Every structure is written in structure tokens, then in C-alpha cells.
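In: Here is my input, please return the structure:
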Amino acid sequence: MNSQDFLSFFRQAAPYIHRHRGKTFVLHFEADFDNPHMTAMLHDCALLHSLGIRLILVPAIRRQIERNLAAAGLRSRFSGNYRISEKAHMPAIINAAGSVQLAIEATLSMGAVNSPMQDAAVQISSGNYLAAKPLGILKGIDFAMTGSIRKIHTEAIRKHLADHAIVLMNAIGFSNTGECYNLNSDEIAAATAAAVKADKLIYLSAQVENYLAAQYPHQLNPAAARHSQYPDTWLCQRLNLAANVCEQGIARVHLIDHAREGALLQELFTRDGKGIMVTAEHYDQLRPATADDINHIIALIRPMEEQGILVPRSRATLEQEIEHFHVLMRDNTIIACAALYPYPQEQTAELACLAVAPEYRQHHRADYLLAELEKRARSIGLRSLFLLTTQTGQWFEERGFTPIDISELPQKKQDNYNRARNSRPYRKTL
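Out: Numbers count the residues shown, from 1 in each chain. Here you go, the predicted model:
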């Protein structure tokens, strides 16, 4: 990476570093140490921890259980997504849980040279955070020592997070009578995220790359996630879990492909991300504006024009320029808009008329709209955006724009510059 690439990446990541600090993320992953990316992923977790993110790790141990059972000459049966954990299988299952826990703790404690772990002094807290009860007999099937979650000791988890430890959950839960039960790790992650009111739940999952390559939507609301038509049962189960968690108050659930090294960091610290996001926070549709939208755009931008925040635009101007506008829809209502005026010869575009309805300004709509228009600008080969503003310069600076001189604007824009308005120009490299 050359110095310019590094600067560009760091500037892009900086707002996300600031935004994620102090937040609580629950991360579910397949604890497969035969995967060449496993160690790197745990090092990335240490990096997240060093950036002030509170992490709860939930490893899936299915592969280790299968190996232990095979070594003992035993074989499990499944019903749906649940293993039927016979009593004779529990020593192999408990051994798998313990060995995975120790391997993760050892990896997080490595202090490897030239990795985020060096001198990180990562503290890991693992314990009996889960109280369990037997799953019982469902549809005539006795699940034996397979359990369900009775209670999550949230205060203990929060205490360790506040003490700057990474919390490591275990797939074994204990009953009041001291019995050990094998719990479903997907459900542990979802229930823990809901119990501690995590800011994000993240699943490192199979099939995500194939899902995105097939042009399925990368952002879903809970209803769309629950009714996904993607032809993979395993991923659809994860999407269904994500929908349930969102409806319990978790703002965002991410599904990231487990086979791509660095995908976790790319999803969290880049504009475009590398995964699927399920969110109940808002599910808005961004589309090109049409002439039918002009009345709604006028109603949206008029108050900001009267305050001097936006340049006044007549109906005739909007009719002439509507092809440059995009609108953000929610339930068939326009809640935000922005315009993008390309200057292809200079490989730049002007961002203008960014407006969000007052009742939606506390939910990052402007950030979403800005990010989507940046993607569109990049997709048509533009290298930068510029804008003129009188009152919102600091907001744009926080999102990577820097002040420039009027002489740095495209010549056509310089010729039409309104000196009476005295707007300040800003630019952002894409």
C-alpha cells in the first residue's frame, strides 16, 4: 500500500473508528482452527478491542464436536438445526467446548510480532454466563442433553466489558441441579445480543459471498430477511435469526463471509462493506427522482431554503434538473433528497441540496444518503465530490470533506459562483 492509499483508507475508516468506540458487538463464528484465516480473524478481534469496542465472542464448535465423536466411534443425529446430544456424547461435547475456549484464549494472548496482538495485553473473561434447561421432547423427539437458555447473567457480562475484557461465551450451559447442556451457539449469540442490548450482532457465515454475487439485496429489513428466497437453508436460518434479533431492539445484524480474510474489518470500517446487513433501524429505498416527486421535494427543501441553509430553487429549476436528484423513500413517502451534478471532464461531481425531513434527522439518514451517492459517483468513474455550504461545513468535515479554494472548483462552477452568498467550498476524494 502506497502512502496515498493509506491516507485514503485511514480517512475513510476514521469516522467509523470514532462511531464504534464504546459500542458493544456480539460476534459469532465457526471456531475452525484448520481455517487459515482463523488466527487472523482473532487478531482482528484484538484490534477491535484496542479501538475501544466491547466484544462478546460466541464460537460455534460443531466441527470439533464431530471430530471428537468420530474419534470415540460415536455419531450424532440432528433434528432441524439442533443436535440430539445423548448423555454418552456429552464428554466429547464438553471436551470440544473446553479445547476451543483454550485455543481462542491462547490465540488472543499470543502477542504475535507484526500483528495487532503485539503488546495488546488482551484480557479474556469466560465463565458460566448461561443458565440452561433441557430442550425436552419436541414433536416426539427426545433431545436428551441438548438444552435451551434459561437465563443470561447480563450484569456479570457488562461488568467484565466495563473492565475492558473480551467476554468469551461457552456453548455449555448449566442447570440449577448442576447438569451440563449443549446449547445452540446461533441462539446464544442472538439471545446474548438482545440481553445486553448490543449495538451490533455479527455472524461470520458461509454463503454470504455467493448471496451477494447473485445480486440479492445487501440491506434487508426484518420482514425481507425472514422471507428471503435465497436457496440455502443455512443462510436463511441466519437471516431469520437476524430478523428476530432486530425486532428485539438490536439496531443492526451483519452477516459476513467467513472465508474472506479481513472481511470483518472491511464490513465495519469501509463505506461499501463486505456483507449483508439486516436492520429495523430504517429500511429506506434510494431511487432517482422523477417529475412526480417535485412537489414533495419542494415541501422538503423549502424550510431549509428559508433558513438560508440551501440555495433557493424554483419549480422550473427543479423540473430542468430533476434527473440529477435522488430521493430516499420510506413507506412511499420522500424523507430525504440530494442532487449529484457530474463534471465528467474533471472526474468530479457537485453534491447539492442534501436535505432530510426533521423527524428523521436522528437516524443517520444523511449519512446513508451521502454514502450511497458516493458509491454512485465511484461507479461512474468519478474521483471526488465537491460542495458549497454556508452552515454545514463542520458536518461534512467530520465525514471526510476538506475546505478548498474557489479556484479549485471546476471552471464552469467558478463562473457561476454566487459571491453574495459567500458559500465555502469543500472537496472529498473518493
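
In: Local confidence estimate at His1?
Out: Rather than His, residue 1 is Met. According to the predicted model, the pLDDT of Met1 comes to 61.

In: does the most centrally placed residue in the chain count as helix, strand or coil?
Out: In the chain, the C-alpha nearest the mean C-alpha coordinate belongs to His254, at 4.6 Å (Cα atoms, centre = their mean). Going by DSSP: H, G, I helix; E, B strand; the rest coil, the secondary structure assigned to His254 is strand.

In: Does Glu374 touch Leu430 like I think?
Out: Yes: in this structure, Glu374 sits in contact with Leu430. The criterion is Cβ atoms under 8 Å, and the distance is 6.0 Å. Heads up, the C-betas are built off the backbone N, CA and C, glycines and all.

In: Need the residues touching each of those two.
Out: By Cβ atoms under 8 Å, 6 or more residues apart in numbering, Glu374 and Leu430 have these common neighbours: Leu385.

In: More neighbours: which of those two?
Out: A direct count of neighbours by other Cβ atoms under 10 Å for Glu374 and Leu430 places Glu374 higher, at 22 against 18.

In: what element comes up after the helix or strand hosting Leu340 heading to the C-terminus?
Out: Per DSSP states H and E, Leu340 falls inside strand 333-343. Heading C-terminal from strand 333-343, the first helix or strand you meet, by DSSP H and E, is strand 348-356.

In: that older thread, since we're on the residue lying closest to the residue nearest to the centre of the chain once chain neighbours are set aside, how many residues are nearby?
Out: Of all residues beyond its chain neighbours, the one nearest His254 is Ile202 (4.6 Å), with distances taken as Cβ to Cβ, 6 or more residues apart in numbering. When counting by other Cβ under 10 Å, one arrives at 25 neighbours for Ile202.

In: Ile202 is in contact with Val253, isn't it?
Out: Yes: the pair Ile202 and Val253 passes the contact test of Cβ under 8 Å, sitting 7.5 Å apart.

In: Report the set of residues contacting both of those two.
Out: Both Ile202 and Val253 lack any common contacting residue under the criterion Cβ under 8 Å, 6+ apart.

In: what number of residues lie near the nearest residue to Tyr426 once chain neighbours are set aside?
Out: The shortest distance from Tyr426 to any non-neighbouring residue, by Cβ to Cβ, 6+ apart, is to Phe401 (4.0 Å). A count of neighbours around Phe401, defined by other Cβ under 10 Å, yields 23.

In: Tell me how the chain divides into domains.
Out: 3-279, 284-429 (the TED database).

In: Single out the most deeply packed of the ones you listed.
Out: The highest mean neighbour count among these, using mean count of other Cβ atoms under 10 Å, belongs to domain 3-279: a mean of 18.
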